[in-house]
Structure formats: structure tokens, C-alpha cells
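here's a sequence, model it:
(chains A, B and C)
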Amino acid sequence: MNLTPEKLYNILLKKNGPLYWWPIDESYHKKNNSDSRFEIIVGAILTQNTAWSNVERALDNLKSENMLEIKKIKELNISKLRYLIKSSGFFNQKADRLKEISNYLKNKYDGNLNEFFNRGINEIRNELLSINGIGPETADSIILYAGCIPIFVVDAYTKRLCKRIPFDTKLSYFEIQNYFQKELSKVYKSDELTKIYKELHAQIVIFGKNYCKKKPLCKKCPLKDYCCFKNNL
DNA sequence: GTCCAGGGCCGTT
DNA sequence: AACGGCCATGGA
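The predicted structure follows:
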């Protein structure tokens, strides 16, 4: 049997239930007493090649110092910033990256994220990619999870999944992204796509952690009927 | 002690 | 275009 993105989504969702990463509802916003979209932007940068548990500690540090705002990061002493995000690893370059995007958003949009996200998706994406330290995955994570604009995020797990399961796509970031978007927009209405893309990306990450690891656990894999990469069987 | 995580940049082929 | 080294902490 061959697998489609829609089937993949249904199988993983049924197995795990919804994961709801990076919520942006009003109660979450109030609880944190800051713009939760900026928190997502910071999280997207801090989690580059890093376990989320290490990122959470850094976010907690920034929150407890009441620093999770564009203007405050922009003005924060760089050594202090490095110290606060230390647990997330690569803290020197990540501190620079947080400074860069905060400066950019403050200088060009006066820190107004409504203004920043209220433009064409290509314009937003190209601007993000022009900032040093923001590549395709980080840019798309920011657009999807902070901007709530439908774009499918391709990460290392998604690439690995596509290498093992024979989807009808080539394996570059762009090809995989286009393939998932093309297939899923056939099935779901456009106003559902943001939710679907958020949830599917999250599901793929969890699936990659639990089953489709570097050394995969194919024996118990929920996708084994669709996969030709068998191991441990 | 070893491996690896919700990448991206830069230099070399 | 594709690959390798590098960045660094903390949990398994």
C-alpha cells in the first residue's frame, strides 16, 4: 500500500491524539502576560538542533526576568542574554540571532507583529530568510506557528520519513514542502490548512522520536505496512 | 562515557 | 549542488 500525507495525518492523529504545539489562544496569551507570538519566534530559534526541554528552561529564564518582548531583547545586555538562554545550547550564536530578529522587527515594524504578519507569505518568508540565522525551517515555523499562515514545515524527521516511506516526491526541502501542501490542500479547505500543518508537523516529530529514529523501531511502527525500510523485523 | 536533539552557516569539493 | 565541520547544553 502507498501512503499519502492525508493517511499519514490520520494514522498519527489517531494514535497520539492532537498535540496542539505552540498554542496562541487568548488564555495562553494572557497567562504569559506577553505577546505569545514573539515567544514562538524565540522558541523557533532556540530549538534549532536542540531538545525542547533545554529550550523550555531558557524560555522560563527569559520569562522570569520579564524579557520575552521584542523591545527588551533588543536592549538586553548580550552577555546577560547568553546567560539566560545558556541551557538551549549554541548560546553565543543564538543570542546573536535573537538580537538580529528583535532589532529587525523593532526597527522595521516598531515591534508590531500584526503589521509584520499582515502581508503576502512570500514577502514575509523572504524577509525572514534574509535575517542571519533564520533558514527555511525556522522561517516556516515562525510563519506557521506564530503567524498562523498555512505553510508546511519540513524538518529532519520529515526528510527522514520521506527517505524511508516512498512518497511521490523528491527529497529537497522545497520538493517535500510542495508535495505535502499540494496533497493536503486537495483534501482540506483552505481555512483548515493552518491547523492541519501545525498538527501534522508536530505529529511527525513525535513519530520520529518514538519510532522513525536513526535506528528505527520498525517492529512496532504504526506505518510499517506502508514502509519499505524495514529494520529489527 | 556515548549519542543526539523540533538547524544554519561557512568553507571545501 | 552537496557535503563536512562547527556551534554547546542536558537528558537518555
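
buried ones in stretch A:9-28?
Across stretch A:9-28, burial judged by 16 or more other Cβ atoms under 10 Å covers A:9, A:11-13, A:19, A:21-22, A:24. C-beta coordinates here come from the backbone N, C-alpha and C atoms, glycine included.

one more: stretch A:152-160?
A:152-155, A:157-158, A:160.

that stretch near DNA strand B at all?
Yes. In terms of Cβ under 7 Å from any atom of the strand, part of stretch A:152-160 sits within range of DNA strand B, namely A:155-157.

show me which of the buried residues of stretch A:152-160 is closest to DNA strand B.
Among these, A:Asp155 lies closest to DNA strand B (Cβ to the nearest atom of the strand), at 4.5 Å.

from A:Ser190, how far out is the closest one?
Distance of A:Asp155 to A:Ser190, given as Cβ to Cβ, to the nearest Å: 23 Å.

with adjacent residues omitted, what lies nearest to the residue nearest the centre of chain A?
What sits nearest the mean C-alpha location of chain A, by Cα atoms, centre = their mean, is A:Ser141, with 3.6 Å. The shortest distance from A:Ser141 to any non-neighbouring residue, by Cβ to Cβ, 6 or more residues apart in numbering, is to A:Ala44 (4.4 Å).

what's the helix or strand for that neighbour?
Here A:Ala44 is covered by helix A:36-46, with elements defined by DSSP states H and E.

what packs against that helix?
On a contact count with 3 or more Cβ pairs under 8 Å, 6 or more residues apart in numbering; DSSP states H and E, helix A:36-46 meets helix A:26-32, helix A:52-64, helix A:91-109, helix A:113-117, helix A:136-141.

which residues sit in contact with the closest residue to A:Leu129 other than its chain neighbours?
If the residues on either side of it in the chain are set aside, A:Leu129 comes closest to A:Ala139, at 5.4 Å by Cβ to Cβ, 6+ apart. Applying Cβ atoms under 8 Å, 6 or more residues apart in numbering, we find A:Ala139 in contact with A:125, A:128-129.

ok, back up a step: I'd like the residues of stretch A:152-160 next to DNA strand B as a markdown table, with pLDDT appended.
A markdown table is the format used below for the residues of stretch A:152-160 next to DNA strand B (pLDDT from 0 to 100):
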| residue | pLDDT |
| --- | --- |
| A:Asp155 | 96 |
| A:Ala156 | 95 |
| A:Tyr157 | 95 |
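
my read: A:Ile95 touches A:Ile78, true?
I think there's a mix-up here, since residue A:95 is Ala and not Ile. Yes. Using Cβ atoms under 8 Å, A:Ala95 is in contact with A:Ile78, at 6.0 Å.

the more surrounded of those two?
Each of A:Ala95 and A:Ile78 has its neighbours counted (other Cβ atoms under 10 Å); A:Ala95 has more, 24 against 12.
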